[in-house]
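Visitor: Predicted structure and sequence below. I'll ask about it afterward.
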Amino acid sequence: MSELELEKKALAGDVESQCSLALLHEIGLDRPQDYEKAAYFLQMAIHSGSQLAWEKLKALCDAGKVSSAWMSDLAQPPAVRPGPETRLPRAGLKLLLLEDEEDLREMLCETLESAGYKVFAAADGDEGLTLVNSHPDLALIITDLKMPKMNGLQFMAAIKKLQLLSEPPLVVMTAYSQQKVIDEGKKLGVAAWIVKPIKKEMLLETLGRILRKKAGVVESL
């Protein structure tokens, strides 16, 4: 989906599009106007009831990226707990994690496994492709961008060439902010970007949202 299409959906009140645009601008060119535009879409998502957007905008204000005026008169939305009809069982859901830094990889595996996921981990894209071929029932793939042998973009391009019957959603972890990287990720169908350093709560919330959408679960964000 193009940025223009995302913006149309965001302006029409789609919370997911609002949050996606906010993230794209935040990890964009790192200019003041990029953060301001991220704040604009986050504020829209907050008015739609997004707790995650409120936390993200507060973090931008606390870090001095945008003026605290963006938080003026904004009440924190109540935390939404999915009811039984919106819960997606995590036990048995297989995730593939690609991260070359051993300490971070182990921490993320522990976080995901504690949340009930079954995690397969790889240190580079070559190893990741081997695991993809060994586990055709993967529910989701999380990949870093900067890795040896085969980087994240190359790995995602290789996944596309496999033409899997059921292609798992792709989530990218990155500290990069180059626009060309974001544009390439869009072409490869990235479902979500998670900016490093990784926050456990944001990671689990993002994965849950993507997996619920994949499963066709309708919920209020």
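Guide: On my side now, so go ahead. This structure is a prediction, so every number in the text was calculated from the model and none was measured.

Visitor: Dig out what the most centrally placed residue in the chain forms beta bridges with.
Guide: What sits nearest the mean C-alpha location of the chain, by C-alpha atoms, centre = their mean, is Ala192, with 3.1 Å. With DSSP bridges applied, Ala192 shows beta-bridge pairing to Val171.

Visitor: I'd guessed it sits against Thr174; true?
Guide: No: contact between Ala192 and Thr174 fails when scored by C-beta atoms under 8 Å: they sit 11.0 Å apart. Heads up, the C-betas are built off the backbone N, CA and C, glycines and all.

Visitor: Name the nearest residue to Leu104, sequence neighbours excluded.
Guide: For Leu104, ignoring the flanking residues on the chain, the nearest one in space by C-beta to C-beta, 6 or more residues apart in numbering is Ile198 at 7.5 Å.

Visitor: and the one you found, that's in a helix?
Guide: No: read with DSSP: H, G, I helix; E, B strand; the rest coil, Ile198 is coil and lies in no helix.

Visitor: For Ile142, see how far away it is.
Guide: The gap separating Ile198 from Ile142 is 10 Å, by C-beta to C-beta, to the nearest Å.

Visitor: More neighbours: the two, which one.
Guide: A direct count of neighbours by other C-beta atoms under 10 Å for Ile198 and Ile142 places Ile142 higher, at 26 against 16.

Visitor: For the helix or strand hosting that one, C-alpha coordinates in CSV please.
Guide: In this structure, Ile142 sits in strand 140-144 according to DSSP states H and E. Presented in CSV, the C-alpha positions along strand 140-144 are these (Å, rounded to 0.1, in the frame of the first residue of the first chain):
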residue,chain,number,x,y,z
LEU,A,140,5.2,-14.9,11.5
ILE,A,141,8.9,-13.8,10.8
ILE,A,142,10.8,-11.2,12.7
THR,A,143,14.0,-10.0,11.2
ASP,A,144,16.8,-7.6,11.8
